[in-house]
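Undergrad: I'll drop the sequence and a predicted model, then ask my questions.
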Amino acid sequence: MERLYSTSRRVDIGLVEVTVEVTMVGSIAAAAKQVAGSVGIVEAQYLELPRPVRLDCGQELQPVGVAYETYGTLNPRHDNVILVCHALSGDAHAAGISRTPPEEGTRDGFAAQERDGLAAKALGWWDGMIGPGKAFDTDRFFVVSTNLLGGCRGTTGPSSLDPSTGKPYGSGFPVITVADMVRTERALLSELGIDRLVAVAGGSLGGMQALEWGILFPDQVDAVVAIASTHALHPQGLAWNAIARGAIMRDPAWQDGQYYGTGRTPDAGMGLARMVGHMTYLSAEALRDKFGRRLQFADDIRYTLTEPEFEVESYLEHQADSFVRRFDANTYLYTSRALTYFDLARQHGGGSLTTALQGVSARALLIAFSSDWLYPPAASRDIEEALLELGKSVECHVIEAPYGHDCFLLEEARQTPYIRRFLADAGPAE
């Protein structure tokens, strides 16, 4: 099938950010050749784990299938691997151009459509960070990205069939944790013949997974890269997540989570949850600069309750509409709950973050953003201080940037030098 995309986008080539015109005409193969630094055409793979996954809630889950993508070349010793973990609404498609682009893409950063145009539907959500010469350099490393446990993009989750009933799990799916996600990733890598990782990296919830890897598997991870992340959500983050989950569960179409096959889905609640969540990812400065109080459709107000008046209102409605077309409401609930449960001090340290990190042997790179109030720089500083107190190898950088939590998706060029330097001597000898 032929596709036509046209866009102007910023890409990272090494340490230099440039702007290139990307005109995708004809086949997906032709499009891939025109995206600078692209890993090319990619396609998700699927693997069913041969053994059940033991969950923190006490249950065992089986079968568990995992969707994943890989970029670069696995060397003969299988010791050049980096695992990249996605945030709440991401999936396994982290880089390159999907052979079968979805209806809605996962490049969720602020104003992603303007940044990438229609190509966003085919591009991986961290395409500017993964590829030849990029932060996670596929000329050196074999990069693996999975859809997390509980997902709705190929990995077993609430929309998957429960073998005991033959129907989707719905709210019968077991409550999961970030540690459960990490154990599932570990099981997948074992099936791929990968015993040790050069690094685990991710932003937001992906950064939580990276930190959890360093604690659960200290002898199998050489480095951790946690970007715009935290050791535990602050109370404000807990509250916003509770509001978002409440919006879904108060939608009558949610039907106690058993809405599959009924012809009714909680789109209204899910859309509202997305609006709430999306606003927590942005800063007041970014919203002021982007939208101000500009009206959307007229020169003056129209005295209406039911239609958007302001540009920012229209933007939120667009975010909601596109999100409900690609994401499962139950997955949102389960993933949101998992990130609120995440608390390294409680889980591993008896209330002490320093104790929780005591067994970590991986070098750590922490990157935070000045305007991120949901995962504030103070959280990264807490981790840095605890690791330094233990005599561990850690570096922490706070980047001055105005876009809030979305910076980890937008400020690719400014993160790249830190990551490239950090990984310069990582992995097998050349």
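TA: Arrived safely, thanks for sending. Numbering: from 1, shown residues only.
Undergrad: and the helices in the stretch 251-400 of the chain?
TA: With DSSP state H, counting those that start in this stretch as the criterion, the stretch 251-400 of the chain has helices at 267-280, 284-290, 311-324, 329-341, 344-348, 353-356, 377-389.
Undergrad: which one of those lies closest to G261?
TA: Nearest of the helices of the stretch 251-400 of the chain to G261, taken as CB to CB: helix 329-341 at 13.3 Å. The way it works is simple: take the backbone N, C-alpha and C, and place the C-beta from them, glycine included.
Undergrad: which stretches of this structure have low pLDDT?
TA: By pLDDT under 70, the weakly predicted segments of the chain are 1-36, 101-120, 429-430.
Undergrad: ok, back up a step: point out the most buried one among the helices of the stretch 251-400 of the chain.
TA: The highest mean neighbour count among those, using mean count of other CB atoms under 10 Å, belongs to helix 329-341: a mean of 23.
Undergrad: show me what that helix is packed against.
TA: Other helices and strands packing on helix 329-341, by 3 or more CB pairs under 8 Å, 6 or more residues apart in numbering; DSSP states H and E, are helix 178-191, helix 205-216, helix 235-249, helix 267-280.
Undergrad: relative to helix 377-389, how tilted is the longest one?
TA: Just to be clear, that refers to helix 235-249. Put simply, helix 235-249 runs at 120 degrees to helix 377-389, going by axes from the mean of the first three to the mean of the last three CA atoms, to 10 degrees.
Undergrad: kindly report the same for the shortest one.
TA: Orientation of helix 205-216 against helix 377-389 (the same axes, to 10 degrees) gives an angle of 20 degrees.
Undergrad: which strands and helices sit next to helix 205-216?
TA: So helix 205-216, by 3+ CB pairs under 8 Å, 6+ apart, packs with strand 81-85, helix 178-191, strand 199-203, strand 223-227, helix 329-341, helix 344-348.
Undergrad: pull the distance from it to the chain's centre.
TA: Distance of helix 205-216 from the chain centroid (CA atoms, centre = their mean, to the nearest Å) equals 13 Å.
Undergrad: and that helix with strand 199-203, angle?
TA: Per the same axes, to 10 degrees, the angle that helix 205-216 makes with strand 199-203 is 150 degrees.
Undergrad: got the CA positions of helix 205-216 in CSV?
TA: The C-alpha trace of helix 205-216 is given here as CSV (Å, rounded to 0.1, in the frame of the first residue of the first chain):
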residue,chain,number,x,y,z
LEU,A,205,7.3,5.3,34.2
GLY,A,206,10.1,4.0,32.0
GLY,A,207,12.6,5.5,34.4
MET,A,208,10.9,3.8,37.3
GLN,A,209,11.4,0.5,35.5
ALA,A,210,15.1,1.3,35.0
LEU,A,211,15.5,2.0,38.7
GLU,A,212,13.6,-1.1,39.6
TRP,A,213,15.9,-3.1,37.3
GLY,A,214,18.9,-1.8,39.2
ILE,A,215,17.5,-3.1,42.5
LEU,A,216,15.9,-6.4,41.4
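Undergrad: if we can go back for a sec, would TSV of the helices of the stretch 251-400 of the chain with distance to A228 be doable?
TA: Listed next are those as TSV, based on distance: least, CB to CB, whole Å:
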stretch	distance to A228
helix 267-280	12
helix 284-290	14
helix 311-324	19
helix 329-341	13
helix 344-348	16
helix 353-356	18
helix 377-389	8
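Undergrad: which one of these lies nearest to A179?
TA: Here helix 344-348 is closest among the helices of the stretch 251-400 of the chain (CB to CB), at 7.1 Å.
Undergrad: elements contacting the closest one?
TA: Using 3+ CB pairs under 8 Å, 6+ apart, helix 344-348 sits against helix 205-216, helix 353-356.
Undergrad: turn those helices into CSV, columns for distance to G151.
TA: CSV is the format used below for the helices and strands packed on helix 344-348 (distance: least, CB to CB, whole Å):
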stretch, distance to G151
helix 205-216, 11
helix 353-356, 26
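Undergrad: nearest to L161 among the helices and strands packed on helix 205-216 would be which one?
TA: L161 lies closest, by CB to CB, to one member of the helices and strands packed on helix 205-216: helix 329-341, at 13.5 Å.
Undergrad: what's the closest of the helices of the stretch 251-400 of the chain to K121?
TA: Among the helices of the stretch 251-400 of the chain, helix 311-324 comes nearest to K121, with 10.0 Å by CB to CB.
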